[in-house]
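A.B. asks: sequence and predicted structure below; questions after.
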Amino acid sequence: MFLRTKRTFLIDDISSFKKRLLAWGQQYETIVWLDSNNHEQSYSSFDSVLAVDEFTSIKTDYLNAFEKLKEYQTYTRDYIFGYVSYDVKNDVENLQSNNFDNLNFSDIYFFQPQKLIFLKEGIVEFQYLRMIDDEIEDDFEEILAHNIHVKTSSETSEMKIRLRIHKEEYFNKVNKVIEHIHRGDIYEANFCQEFYIENATINPYETYKHLNEISEPPFGTFFKNEDLYVLSATPERYIRKQGQKVISQPIKGTAKRFVNKIEDAKIAFDLARDEKERSENIMIVDLVRNDLSKTAKKGTVTVEELCKVYSFKQVHQLISTVVSEIGEDVHPVDIIKTTFPMGSMTGAPKVSAMEIIEELEETKRGLYSGSIGYFTPEGGFDFNVIIRSILYNATTKYVSYSVGGAITAKSIPEKEYEECLLKAKAMKYVLTNT
């Protein structure tokens, strides 16, 4: 196990410190920033964390990806941060990803940060590798004095957003999913479409700040590795391991927010009782229960919350919480492997749904509907679902954001399209107004 020096400081203005900390972190080639935006959560270890400055890392395609990750996590026995892209499904099942890709993220990437900074209830904890622990005090003073605005060498370009699947074609594809459901091939499929901008130059830091401010999600994420960026306002946790307990919190069911409090309360009330939205959620809960049972102690898979309405700045969501207990001999990476990809982004049955959406979607999902998170030295972990996110390749100047929805037998293509536009609203707004 790699040894780290820990040092804590009390902060009076934690909001200001958070802004300066993320701005200070932009100097590094590799960054993961995770921010709860002060959401009250049943399962959390910190309010925010910044991991920077790669010491060791693993980057690979999907072939034997989970086995390679298992070896890396076992060897480091330290904090490692990174992502698993959706296409690592091809390591779990006999599947392929042949759709168009202009982002070019690797399938798996994790790194061991030299510098880790945790924020929790007004306390800042620095955890630096021993070989650089003499930098803690200087970095702390530098962060306190840092400018929250980050200069870039080029101006942002005009944003012309294009659709990979146009409206009528989207309707046709959704109807094909419904045909598969009527034939009994699947019960539900999460069908996604891409919005993209070519020859785009953006300021990732300012774009993320703006997206986070208007969304305030519980799993806000800024990721940077060289020229690749993820700017995420995801509200969804994929999976967490806390001691011997495993927690998954799938989201299925969406309704827009209203400014009028009475109208807003009514639509949240209606969402909780909407037969179609609840059936979407319950089907995925059953899938998650089945996935968790593969590593759980017998009889320990339970549903703590079913179809509870959670309200965020942009939307109301139906969220369920499914938990299990595992034995001491279960490797943490095996828990992820046996539940990946998350059911909320595939459908049920999972393999058939993934085959159908691969055939109908026009874009390789890549990191969209994959997951960013971390492992702890003790083998715990926490991972989100990459939705409501902007992905950016600064070298190819390609910006992408995708949205999707659960298609069931009761789906109406026009309403599914409207839901996609609702989910895309925040990303479109920041890209055209930052």
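C.D. replies: Nice, I can see it.
A.B. asks: hey, what's residue 8 bridged with?
C.D. replies: Under the criterion DSSP bridges, residue 8 forms beta bridges with residue 125.
A.B. asks: and it, how many neighbours does it have?
C.D. replies: Neighbour count for residue 8, taken as other CB atoms under 10 Å: 12. For glycine as for every other residue, the C-beta is placed from the backbone atoms N, C-alpha and C.
A.B. asks: give me the secondary structure label for the residue lying closest to residue 349 once chain neighbours are set aside.
C.D. replies: In this structure, residue 349 finds its nearest non-sequential neighbour in residue 186, 6.4 Å apart by CB to CB, 6 or more residues apart in numbering. The three-state label given to residue 186 by DSSP: H, G, I helix; E, B strand; the rest coil is coil.
A.B. asks: per-residue confidence at residue 186?
C.D. replies: In the prediction, the pLDDT value recorded for residue 186 is 97.
A.B. asks: repeat for residue 154
C.D. replies: 54.
A.B. asks: what do you get for residue 1?
C.D. replies: Residue-level pLDDT assigned to residue 1 equals 67.
A.B. asks: and for residue 42?
C.D. replies: We note a pLDDT of 80 for residue 42 in this prediction.
A.B. asks: what residues does residue 98 make contact with?
C.D. replies: Residues near residue 98 by CB atoms under 8 Å, 6 or more residues apart in numbering: 358, 364.
A.B. asks: can you report phi and psi for it?
C.D. replies: phi -110, psi 10 (degrees, to the nearest 10).
A.B. asks: for the helix or strand containing residue 117, packing partners?
C.D. replies: Here residue 117, judged by DSSP states H and E, is contained in strand 108-120. Packing partners of strand 108-120 (3 or more CB pairs under 8 Å, 6 or more residues apart in numbering; DSSP states H and E): helix 14-25, strand 30-35, strand 48-60, helix 65-76, strand 80-84, strand 123-129.
A.B. asks: to residue 222, which of those lies closest?
C.D. replies: strand 30-35 (4.0 Å; CB to CB).
A.B. asks: sheet partners, orientation included, of the closest one?
C.D. replies: strand 48-60 (antiparallel), strand 219-225 (antiparallel).
A.B. asks: winner for burial among the ones you listed?
C.D. replies: Highest mean neighbour count among the strands paired with strand 30-35 (mean count of other CB atoms under 10 Å): strand 219-225, with a mean of 24.
A.B. asks: any chance of the strands paired with strand 30-35 in a markdown table, with distance to residue 241 and mean pLDDT too?
C.D. replies: Converted to a markdown table, those look like this (distance: least, CB to CB, whole Å; pLDDT from 0 to 100):
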| stretch | distance to residue 241 | mean pLDDT |
| --- | --- | --- |
| strand 48-60 | 17 | 98 |
| strand 219-225 | 16 | 98 |
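A.B. asks: thinking again about what came up before, looking at the helices and strands packed on strand 108-120, which is closest to residue 173?
C.D. replies: Evaluated with CB to CB, those place strand 80-84 nearest to residue 173, the distance being 26.4 Å.
A.B. asks: chain center to that closest one, what's the gap?
C.D. replies: Chain-centre distance of strand 80-84: 11 Å, with CA atoms, centre = their mean, to the nearest Å.
A.B. asks: list the helices and strands it packs on?
C.D. replies: strand 48-60, helix 65-76, strand 108-120, strand 371-375.
A.B. asks: pLDDT at residue 378, what is it?
C.D. replies: pLDDT for residue 378: 96.
A.B. asks: for residue 110, same thing?
C.D. replies: 98.
A.B. asks: list the contacts of it.
C.D. replies: So residue 110 contacts 57, 58, 69, 72, 73, 80, 81, 82, 83, 375 (CB under 8 Å, 6+ apart).
A.B. asks: check the spacing between the closest residue to it other than its chain neighbours and residue 349 real quick.
C.D. replies: Leaving aside its sequence neighbours, residue 110 sits nearest to residue 82 (CB to CB, 6+ apart; 3.2 Å). Distance of residue 82 to residue 349, given as CB to CB, to the nearest Å: 29 Å.
A.B. asks: so which of these two has more stuff around it?
C.D. replies: Just comparing residue 82 and residue 349: by other CB under 10 Å the higher neighbour count belongs to residue 82, 26 against 15.
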